[in-house]
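Undergrad: Below: sequence and its predicted model.
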Amino acid sequence: MPLENRAETGQAQEIRRLKEKCGAIILAHYYQPPEIKEIADFVGDSLQLARQAAAVDAKVIAFCGVYFMAESAKILSPEKTVLLPEKNAGCYLADQATGEGVRARKEQIPGCVVITYVNSSAAVKAESDIVCTSANAIQVVESVPEDKPILFVPDRNLGHYVAQQTGRQFHLWDGCCNVHDQLTAADISTARDAHPGAPVMVHPECRSEVIEIADHVSSTGGMLKFAKESHDTSFIIGTEEGMLYSLKQACPDKFFYPAAAQLHCPDMKLTTLEKVEKALLQMEPQIEVDPTVAAKAQVALRRMLEIA
């Protein structure tokens, strides 16, 4: 979702000047702070950002997100310089799986197909057959022959949801997003009491108890599409709080309410305008991925992009 550069501060103008000087493009995830999304060339969910990283002509990609996202951009565009303005922006979910662990688990499930959520390290993707995002996980699973067992890594909540939607039997890795997993059915009930009649949209990284009572389940990009097309004017949002800003920007005549107060990812908020400016000025911190690992991970990522 391209955004116009509405930020008119001197710092934002300097970022645009540096971006043009070094031939860079700024990509930002929906969960980033508002001021970062304002200066981004493209704002999207993980699938949209992966497609942009693979297709963009720019020599430099400044990735405003977390580490695994910038890693994926580098894997898909190894010839480009990929900057991560905040090098310590990590992901709790991605840290719950390792390449060695996935390799060992594969050996316990002969003939399995490893489907790995994009929220994972390059080393884990390198041990995978195909990557998915929350936007295309169902299509990815449906591309796998029905006689093949599936090992789904690393999000158990997303895996459980996709298994229910497809009727497939999964071997689930026991990981979760520490933000989405906090949301409870009681939170949804409280939000509905506060905003009667507002449909509840939740992310499939949420617990099954939440998904079962939601009105709409989708990726962040899917939420945006649903809100635009819906005749409803008020919505309860069960995902990271940063999505509220993007929804309000896209649908200024509608109202969006958080499903709970605790849906905050601190790593997504580490990026600042100062760090983006410094990254473009110094061309640091750069993301590098071991070539052997990157080559294997790229196969899994490109398989995903070919499917959905």
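TA: On my side now, so go ahead.
Undergrad: Only C-alpha atoms from now on, for both contacts and neighbour counts.
TA: Noted.
Undergrad: Confirm that Gly159 sits in a strand.
TA: No. With DSSP: H, G, I helix; E, B strand; the rest coil as the criterion, Gly159 is assigned helix and is not in a strand.
Undergrad: ok, it - contacts?
TA: Residues in contact with Gly159 (CA atoms under 8 Å, 6 or more residues apart in numbering) are 152-153, 170, 172.
Undergrad: Highest neighbour count among those residues?
TA: Val153 (31 neighbours; other CA atoms under 10 Å).
Undergrad: Apart from its chain neighbours, what residue comes closest to it?
TA: Thr116 (4.7 Å; CA to CA, 6 or more residues apart in numbering).
Undergrad: residue nearest the centroid of the protein?
TA: In the chain, the C-alpha nearest the mean C-alpha coordinate belongs to Ser46, at 3.6 Å (CA atoms, centre = their mean).
Undergrad: The stretch 201-308 of the chain: helices as residue ranges?
TA: For the stretch 201-308 of the chain, the helices defined by DSSP state H, counting those that start in this stretch cover 208-211, 220-229, 242-250, 273-282, 291-307.
Undergrad: what's the angle from the third one to helix 220-229?
TA: With axes from the mean of the first three to the mean of the last three CA atoms, to 10 degrees as the basis, helix 242-250 and helix 220-229 are set at 40 degrees to each other.
Undergrad: List the buried residues in helix 242-250.
TA: For helix 242-250, burial by neighbour count (16 or more other CA atoms under 10 Å) applies to 242-247, 250.
Undergrad: picking that back up, can you list phi and psi of the residue nearest to the centre of the chain for me?
TA: Dihedral pair for Ser46: phi -60, psi -40, per degrees, to the nearest 10.
Undergrad: quick one: contacts for it?
TA: Counting by CA under 8 Å, 6+ apart, the residues that Ser46 touches are 29, 69, 118, 133.
Undergrad: Just put the helices of the stretch 201-308 of the chain in CSV and tack on distance to Lys21 and mean pLDDT.
TA: Listed next are these as CSV, based on distance: least, CA to CA, whole Å; pLDDT from 0 to 100:
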stretch, distance to Lys21, mean pLDDT
helix 208-211, 46, 98
helix 220-229, 31, 97
helix 242-250, 28, 97
helix 273-282, 9, 98
helix 291-307, 29, 97
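Undergrad: Ok, which of these comes nearest Lys74?
TA: helix 291-307 (8.4 Å; CA to CA).
Undergrad: quick revisit: just the ones in strands from the contacts of Ser46, please.
TA: Filtering these for membership in strands, criterion DSSP state E, returns His29.
Undergrad: Which of the contacts of Ser46 sits closest to Ala94?
TA: Checking the contacts of Ser46 against Ala94 by CA to CA gives Val118 as the nearest, at 8.5 Å.
Undergrad: returning to that earlier point: take the contacts of Ser46 and lay them out in a markdown table including distance to Gln262 and pLDDT.
TA: Shown next, in a markdown table, are the contacts of Ser46 (distance: CA to CA, whole Å; pLDDT from 0 to 100):
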| residue | distance to Gln262 | pLDDT |
| --- | --- | --- |
| His29 | 19 | 97 |
| Met69 | 23 | 96 |
| Val118 | 23 | 97 |
| Thr133 | 23 | 96 |
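Undergrad: out of the contacts of Ser46, who's nearest Leu263?
TA: Closest approach to Leu263 among those (CA to CA): His29, at 15.7 Å.
Undergrad: And the contacts of Gly159, which two are furthest apart?
TA: Comparing every pair within the contacts of Gly159 by CA to CA identifies Val153 and Phe170 as the most remote, at 10.0 Å.
Undergrad: now the strands for this structure?
TA: Assigned by DSSP E, the strands in the chain fall at 24-29, 42-44, 60-64, 81-83, 113-117, 130-132, 150-153, 170-172, 200-202, 216-217, 234-238, 255-258.
Undergrad: All set now, cheers.
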